[in-house]
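Student: Following is a predicted model, sequence given first.
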Amino acid sequence: MTKLLGISGSLRQHSFNTALLKAARELAPAGVELEIATLHGIPLYDGDLEAQSGIPDAVTALKQKIIASDGIILASPEYNHSIPGVMKNAIDWLSRPPKDIEEVFSQRTFAVLGASPSGFGTILAQDAWLSVLRQLEVRYWSGGRLLVSRAHEVFDEQDQLQDERTRENLRKFVQGFAQFATRG
């Protein structure tokens, strides 16, 4: 069984990126399990808080999910042509203390996808993630790129993916990434 973890970078209840991960979970091929995590409960990074209280429980729980996974899919919104602050903040916490970077990130398989109501999808956010992921020395899957533009037109009011072309592209993305994640 290939275990993937999808992390949604949006906190909204009706997040297009969470909906995209839910659709990916439904479309995952046999033998692939996709767990979905959100960033709820992760406070803003504060070195004083870390020194006083250590790593927050929500961060520790997310670290354990990452470590237990064969691959991580970041479902990243695009805010102001870049990475959303809440998602970058989570990555910053996950890289603390620095000795944990190797276990959590180094050579772990990552991919980025995203959905946005804009006409350009999440292309700039996905590009911005490359320097962060490179710094953390992940194995980045560049074999597929999925950015859903005009997301409000491909999901219905119940957050169900309705667009067949997007559905097929997502199915191929998950299948390709799962294969990549299991190749050492």
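Tutor: All right, it came through fine.
Student: element containing the closest residue to Glu50 other than its chain neighbours?
Tutor: Spatial nearest neighbour of Glu50, chain neighbours left out: Arg96 (6.0 Å); criterion: Cβ to Cβ, 6 or more residues apart in numbering. Where C-beta positions appear, they are placed from N, C-alpha and C, glycine not excepted. Assigned by DSSP states H and E, Arg96 falls within no helix or strand.
Student: quick one: pLDDT of Arg96?
Tutor: Model confidence at Arg96, expressed as pLDDT, equals 97.
Student: Please apply the same query to Arg183.
Tutor: pLDDT, Arg183: 87.
Student: how close does it sit to Thr2?
Tutor: 11 Å (Cβ to Cβ, to the nearest Å).
Student: Would you mind telling me which of the two has the busier surroundings?
Tutor: Thr2 (17 against 7; other Cβ atoms under 10 Å).
Student: got the phi/psi numbers for the more buried one?
Tutor: Thr2 has phi and psi values of phi -90, psi 130 when expressed as degrees, to the nearest 10.
Student: what sits against it?
Tutor: Contact analysis of Thr2 by Cβ atoms under 8 Å, 6 or more residues apart in numbering lists Gly31, Val32, Glu33, Asp70, Gly71, Ala178, Ala181, Thr182.
Student: and if we set it to 7 Å?
Tutor: Gly31, Val32, Asp70, Ala178, Ala181, Thr182 (Cβ atoms under 7 Å, 6 or more residues apart in numbering).
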